[in-house]
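S.K.: Predicted model, plus sequence, below.
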Amino acid sequence: MMHRLFKVLGKIFRFFVFSFALTFVLLGVFYLQTDGIDTFRSLVYVVAIPTYYYVILVLITLLFSPLGLSRYSTYLLVVPKALFDIFLLSDIFVFRIYRFHIDMMFVNMLVHDFQGIGLSTIMLLVAVFAGLVLIAFNVWMYKLALAKKKFSLIWINSAILTLFLLGQFIHIWAYDYNKKDITKYTPYFPYYFPTISHSLVQDLQKRFPQYFPKPVYNADKKAKDLLRSTASKDAIFKYPSAPLQFTDTSKQKPNILVFLTESWRSDMMTPKVTPHIYNFSRNTYNYLHHTSTGNVTVSGLFGLMYGLHPSYLSYAQADPFENQSILTKALQDQGYDIAVYTPSNLDRFALKAMFFGAIKDSKYHYQKSLSAVENDRYVVDLLKKDIQTDSLQKPWFKFVFLNASHHNYNYPKEHELFLPVPSNSEGFIFDKDIDATPFVNDYKNSLHYVDSLFEEILDVLKDQETFDNTLIVVSSDHGEEFNDNKEGYWGHGSNFTQYQTSVPFLLKLPDSTVYKEITTPSGHIDFVPTILYWVLGVQNKVTDFSSGNDLLHLPNEDRGFIISSYVDKAYVVGANVYTNGISFTSYQRNDIKRKNTVFDYKALNLLREAETRFLGK
């Protein structure tokens, strides 16, 4: 039995060696849509990219290797490879036309809203014919693999595996060192998720500093190209899509404070849980139906700082310094002093470079060595000190992102006001239906602690007489769920219901005590347009630089939002969520158990157009 199985494994490896030349060519077509090779290392990396797919396809096919034991089912082993070739051929045309890769939403629309896709019947027939040709080619290659029993595979597959590992290591290095001649290729290849490892690079920097020095960036780099499009003509990411024009920039500008805390859902801003923030909210614009761009930190913060749907995240990551947030570029260009205070590692996923460019170390306060409570306390104390010593001659933008309200929910003993709390903070992992009350209480206590830190910041602003001249935003990266729908979901990153994606959002304008509850739907994508219009006086139409709208002039019509996690994304239209990951499903935003059977393809098409607006053709 084992001898026969080893023979099947030999068939599979021979089949892939013989047939992968076609797959290599199809992947090469995606490369042709890039702006070419810049360096020798990028040449090596580009050649290594197909091995990523080779390794994955071989592993998938090996799972079905028992099928090769029977002459009746042995040809089924070509199915994964043949389907992938068909997918690649189809995706070549879809990506070239629409600038997104085929996903389950596209398949669903192809089946149920064929006219909305814009493909003719003739093109569909041609695609079917091409698919049959690809299947026939793979069957032919498999027959050849059966015939060439003595063909040696060891050296070929060893070379492929070595090239795969080399390519992944190159990307690990390039991602941490922001080498765009490597990272720029990621968005072009379908479902290509190369390896990243910040910890590995840090370890190499410690062990071999002569080969892996810590990167040094030009901290004085100015946003000199701000008033024209920041994207080169060959770049796929055109952000902004037109040069930005400003009104008179000589007038006095307000300070800007962005205060964010982890995992804060919208129904947890109450007089008991966050009393100081609640009192502060009585003199703000309070957006009651506000949607984050993520149910995880990366996409949630990306939408806030870029004003774009999270669909653009991978494109910005491909060249984080060149694609720096237009918000901070504009603030820097107009004389703002930018500083960051956080215990969260924004170096991960290139967020630091994307959000703040080549910010000086003296302005980037990252503290992670202490407990979560102490880390938050440390960065807030630094912030308070900086507010007290900052020159009044220069406006500032301070970004604060605290972490104590993230699970395991940390707080000093004096903030343990909500009882009981769990004896085991991970108890829900072992029992999905456990009583949520103790865990919610733990969460509330952590928010109560964060609230006390916010009050300290307000006190310093008032003491320094800078409160009135400061625009303040208070919000979160995403929400937090406690099995609210009794479906076993806890925390965040697992679905797109309101519990994980709806967050508080408060906007205090300078010299204003106006309190206004805004019931019009708003989102993180609306923050950047608000600052660019209200503070910096941008004259462009919003579609030149953002997926959102000015928070002070939100549209009355229904709006759709795009939300993403680390693995999939969703389109939110009204009360409906359309998930677009491994499968395409739809449910009510307030109840994941309520499934939708009627889809609004018109609204979905508008969102698909919006998530490709800043991609070049």
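M.R.: Looks like it arrived, so ask away.
S.K.: Relative to residue 613, how far out is residue 35?
M.R.: Counting by Cβ to Cβ, to the nearest Å, the gap between residue 35 and residue 613 amounts to 20 Å. (C-beta placed from N, C-alpha, C; glycine too.)
S.K.: between those two, which one's more packed in?
M.R.: Taking neighbours as other Cβ atoms under 10 Å, residue 35 and residue 613 compare with residue 613 leading, 17 against 13.
S.K.: dump the residue contacts of that one.
M.R.: 241, 543, 547 (Cβ atoms under 8 Å, 6 or more residues apart in numbering).
S.K.: Of the residues you listed, which is the most crowded?
M.R.: residue 547 leads the contacts of residue 613 on contacts (other Cβ under 10 Å) with 28 neighbours.
S.K.: any idea which helix or strand comes after the lowest-mean-pLDDT helix or strand in the chain?
M.R.: The helix or strand of the chain with the poorest confidence is helix 114-117; it has a mean of 55 (mean pLDDT, DSSP states H and E). Using DSSP states H and E, the next helix or strand after helix 114-117 towards the C-terminus is helix 121-147.
S.K.: which helices and strands does that following helix pack with?
M.R.: Helix 121-147 is packed against helix 2-31, helix 79-98, with contacts defined by 3 or more Cβ pairs under 8 Å, 6 or more residues apart in numbering; DSSP states H and E.
S.K.: Mind giving me the packing neighbours of the last one?
M.R.: Using 3+ Cβ pairs under 8 Å, 6+ apart as the contact criterion, the elements in contact with helix 79-98 are helix 2-31, helix 40-63, helix 121-147.
S.K.: what does the first one give?
M.R.: Where contact means 3+ Cβ pairs under 8 Å, 6+ apart, helix 2-31 is packed against helix 40-63, helix 79-98, helix 121-147, helix 154-177.
S.K.: Please produce TSV containing these, extended by mean pLDDT, mean neighbour count and distance to residue 474.
M.R.: Formatted as TSV, the helices and strands packed on helix 2-31 follow (pLDDT from 0 to 100; neighbours: other Cβ atoms under 10 Å; distance: least, Cβ to Cβ, whole Å):
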stretch	mean pLDDT	mean neighbour count	distance to residue 474
helix 40-63	96	18	42
helix 79-98	90	18	38
helix 121-147	89	15	51
helix 154-177	93	17	32
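S.K.: In CSV: those, plus distance to residue 561.
M.R.: Converted to CSV, the helices and strands packed on helix 2-31 look like this (distance: least, Cβ to Cβ, whole Å):
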stretch, distance to residue 561
helix 40-63, 32
helix 79-98, 20
helix 121-147, 32
helix 154-177, 28
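S.K.: Quick one: closest of those to residue 538.
M.R.: Minimum separation from residue 538 across these (Cβ to Cβ) falls at helix 79-98, 28.5 Å.
S.K.: can I see the domain layout of this protein?
M.R.: Domains of the chain are assigned by automatic domain parsing as 2-207, 255-610.
S.K.: which residue is nearest the middle of this structure?
M.R.: What sits nearest the mean C-alpha location of the chain, by Cα atoms, centre = their mean, is residue 299, with 3.4 Å.
S.K.: which ones are touching that residue?
M.R.: For residue 299, the contact set (Cβ under 8 Å, 6+ apart) comprises 293, 310, 313, 563-565.
S.K.: Out of the residues you listed, list just those in helices.
M.R.: Residues of the contacts of residue 299 located in helices (DSSP state H): residue 313.
S.K.: nearest to residue 372, of the contacts of residue 299?
M.R.: Nearest member of the contacts of residue 299 to residue 372, counting by Cβ to Cβ, is residue 565, at 22.8 Å.
S.K.: I figured that closest one hits residue 294, correct?
M.R.: Yes - counting by Cβ atoms under 8 Å, residue 294 is a contact partner of residue 565 at 6.7 Å.
S.K.: Comparing those two, which residue is more hemmed in?
M.R.: Neighbours per residue (other Cβ under 10 Å) separate residue 565 from residue 294, with residue 294 holding more: 29 against 24.
S.K.: Out of the domains of the chain, which gets nearest to residue 215?
M.R.: Of the domains of the chain, nearest to residue 215 by Cβ to Cβ is domain 2-207, at 5.3 Å.
S.K.: Near residue 433, how many other residues are there?
M.R.: Close neighbours of residue 433, defined as other Cβ under 10 Å, add up to 10.
S.K.: typed the wrong thing, it's residue 508
M.R.: Neighbour count for residue 508, taken as other Cβ under 10 Å: 21.
S.K.: Let me know the distance separating it from residue 147.
M.R.: According to Cβ to Cβ, residue 508 and residue 147 sit 76 Å apart.
S.K.: what about this structure, any weak spots by pLDDT?
M.R.: 1-3, 98, 109, 111-120, 152, 216-235, 248-250, 391-392, 582, 617 (pLDDT under 70).
S.K.: And the strands in the stretch 251-400 of the chain, which stretches?
M.R.: 255-261, 285-287, 290-291, 337-342, 364-366, 396-402 (DSSP state E, counting those that start in this stretch).
S.K.: The stretch 401-550 of the chain now?
M.R.: Secondary structure of the stretch 401-550 of the chain (DSSP E, counting those that start in this stretch): strands at 470-476, 481-482, 490-491, 506-508, 516-518, 522-523.
S.K.: Output the ones you listed as CSV; include the columns distance to residue 61.
M.R.: What follows is the strands of the stretch 401-550 of the chain, written out as CSV (distance: least, Cβ to Cβ, whole Å):
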stretch, distance to residue 61
strand 470-476, 44
strand 481-482, 38
strand 490-491, 35
strand 506-508, 54
strand 516-518, 54
strand 522-523, 43
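S.K.: which of the ones you listed sits most buried?
M.R.: Looking across the strands of the stretch 401-550 of the chain with neighbours counted as mean count of other Cβ atoms under 10 Å, the highest average goes to strand 522-523: a mean of 27.
S.K.: Report all helices and strands that it contacts.
M.R.: strand 290-291.
S.K.: cutoff 6 Å now
M.R.: Packed against strand 522-523, as judged by 3 or more Cβ pairs under 6 Å, 6 or more residues apart in numbering; DSSP states H and E, are no other helices or strands.
S.K.: Pull up the pairing partners for it, direction included.
M.R.: strand 290-291 (parallel) (DSSP bridges).
S.K.: Can you dump the C-alpha atoms of stretch 252-270 in PDB for me?
M.R.: Written as PDB, here are the backbone C-alpha positions of stretch 252-270 (Å, rounded to 0.1, in the frame of the first residue of the first chain):
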ATOM      1  CA  GLN A 252      -4.000  80.500  12.200                       C
ATOM      2  CA  LYS A 253      -4.800  76.900  12.400                       C
ATOM      3  CA  PRO A 254      -6.200  74.800  15.300                       C
ATOM      4  CA  ASN A 255      -4.400  72.000  17.100                       C
ATOM      5  CA  ILE A 256      -5.700  68.600  16.400                       C
ATOM      6  CA  LEU A 257      -5.900  65.700  19.000                       C
ATOM      7  CA  VAL A 258      -6.900  62.300  17.800                       C
ATOM      8  CA  PHE A 259      -7.700  60.100  20.900                       C
ATOM      9  CA  LEU A 260      -8.300  56.400  20.200                       C
ATOM     10  CA  THR A 261      -8.700  53.400  22.400                       C
ATOM     11  CA  GLU A 262      -8.700  49.800  21.500                       C
ATOM     12  CA  SER A 263     -11.900  47.700  20.900                       C
ATOM     13  CA  TRP A 264     -14.500  50.300  22.000                       C
ATOM     14  CA  ARG A 265     -17.900  49.500  20.800                       C
ATOM     15  CA  SER A 266     -20.500  52.200  20.300                       C
ATOM     16  CA  ASP A 267     -22.900  51.300  23.100                       C
ATOM     17  CA  MET A 268     -20.100  51.500  25.700                       C
ATOM     18  CA  MET A 269     -19.900  55.300  25.800                       C
ATOM     19  CA  THR A 270     -22.200  55.800  28.800                       C
END
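S.K.: Show me how far that stretch is from its chain's centre.
M.R.: Here stretch 252-270 is found 20 Å from its chain centre; the criterion is Cα atoms, centre = their mean, to the nearest Å.
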